[in-house]
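>>> need a 3D model of the sequence below.
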Amino acid sequence: MKQKQTGFTIVELLIVIVVIGILAAITVVAFNGVQDRARISRGLAFASQMKKKLYLETTGNWQMDECSGSTVSSSSESNTPGTIIGTAAWSTDTPTGSGCSFQLNGATRITTQASLAANYYYKAAWVKFTTCTGNLNIISSPDTAGTDAPFYAPACRVQAGHYDGVSSNYGRVQSPNTLTTGKWYHLAVEFDNGTYRLYEDGRQVQATTGHQPLTPIAPGVNIGSHRTGSNLAGLIDDVVVVAK
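Okay, here's the model as predicted:
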């Protein structure tokens, strides 16, 4: 008598492989979603902590919750409003899922009279890049004339610094990470008595020491540009500037 052979057919094996592939893809997407939620939660906690710590020295905090109009109000002690130069566009896409953010199209900028201090300043914002092309200034000064103090992300790699009036080079700190488009990031730079600290989503990613103070000091910090160019393309929310 012939024995009957048992085992999987080619079709059955293919079905199993396809099912495993689908389950793996779902697992990867779910894991990435958990990672992003954890990263944003960490950024929100850090942003809240720093705002409480530095509230009295805040020279501007623009939460972008107007959702319309050509100006943005500040909730800081100094109550420094911002004026939108270019096309005003708003979005309900925010890191918290509530309120509004502001859409920068690569030509729009927001001018403010916020100021930085010689030995300590802090700049922070939530940013979602729509492109990695260009210098992508986040919070930089001046608007037309004065001391350069950029906070920007050329090719989606965050940098910050200022001209100290002593050498021809900027004091500078640069992130080791290249960020991607389409994701919210909380980005911050702190200059504290000669030390730059760069933060991404609540984590310090780089620090450099031995830098000269910012000098001279003049009001006029731009959101989304350096002077009148090198603009940011993307969404921006909850912008904070501190000087003490």
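>>> and the next element down the chain from the lowest-mean-pLDDT helix or strand in the chain?
One helix or strand of the chain scores below all others by mean pLDDT, DSSP states H and E: helix 10-53, with a mean of 79. Downstream of helix 10-53, the first helix or strand assigned by DSSP states H and E is strand 58-62.
>>> how much does the least confident helix or strand of the chain deviate in direction from strand 58-62?
140 degrees (axes from the mean of the first three to the mean of the last three Cα atoms, to 10 degrees).
>>> what's helix 10-53 packed up against?
strand 120-129, strand 184-192, strand 233-243 (3 or more Cβ pairs under 8 Å, 6 or more residues apart in numbering; DSSP states H and E). In this view, the C-beta of every residue, glycine as well, is placed from N, C-alpha and C.
>>> could you rerun that using 10 Å?
strand 58-62, strand 120-129, strand 184-192, strand 195-200, strand 203-208, strand 233-243 (3 or more Cβ pairs under 10 Å, 6 or more residues apart in numbering; DSSP states H and E).
>>> output the longest one as CSV, restricted to C-alpha atoms.
Coordinates of the C-alpha atoms in strand 233-243 are reproduced here as CSV (Å, rounded to 0.1, in the frame of the first residue of the first chain):
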residue,chain,number,x,y,z
ALA,A,233,9.0,75.8,5.6
GLY,A,234,6.7,73.9,8.0
LEU,A,235,4.4,74.2,11.0
ILE,A,236,5.5,76.0,14.2
ASP,A,237,3.8,76.1,17.6
ASP,A,238,4.3,77.4,21.2
VAL,A,239,7.3,79.6,20.5
VAL,A,240,9.2,80.8,23.6
VAL,A,241,12.0,83.3,24.0
VAL,A,242,13.7,84.0,27.4
ALA,A,243,16.3,86.6,28.4
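>>> name every strand pairing with it and say which way it goes.
Looking at strand 233-243 with DSSP bridges, its partner strands are strand 58-62 (antiparallel), strand 101-105 (antiparallel), strand 120-129 (antiparallel).
>>> how far away from the center of its chain is it?
7 Å (Cα atoms, centre = their mean, to the nearest Å).
>>> thinking again about what came up before, report the angle between the least confident helix or strand of the chain and strand 203-208.
Going by the same axes, to 10 degrees, helix 10-53 makes 60 degrees with strand 203-208.
>>> report the contact partners of the closest residue to residue 59 other than its chain neighbours.
Among residues not flanking residue 59 along the chain, residue 114 sits closest, at 4.3 Å (Cβ to Cβ, 6 or more residues apart in numbering). By Cβ atoms under 10 Å, 6 or more residues apart in numbering, the residues touching residue 114 are 58-62, 74, 76, 78, 80-82, 121, 123, 139, 141, 219-223, 239-243.
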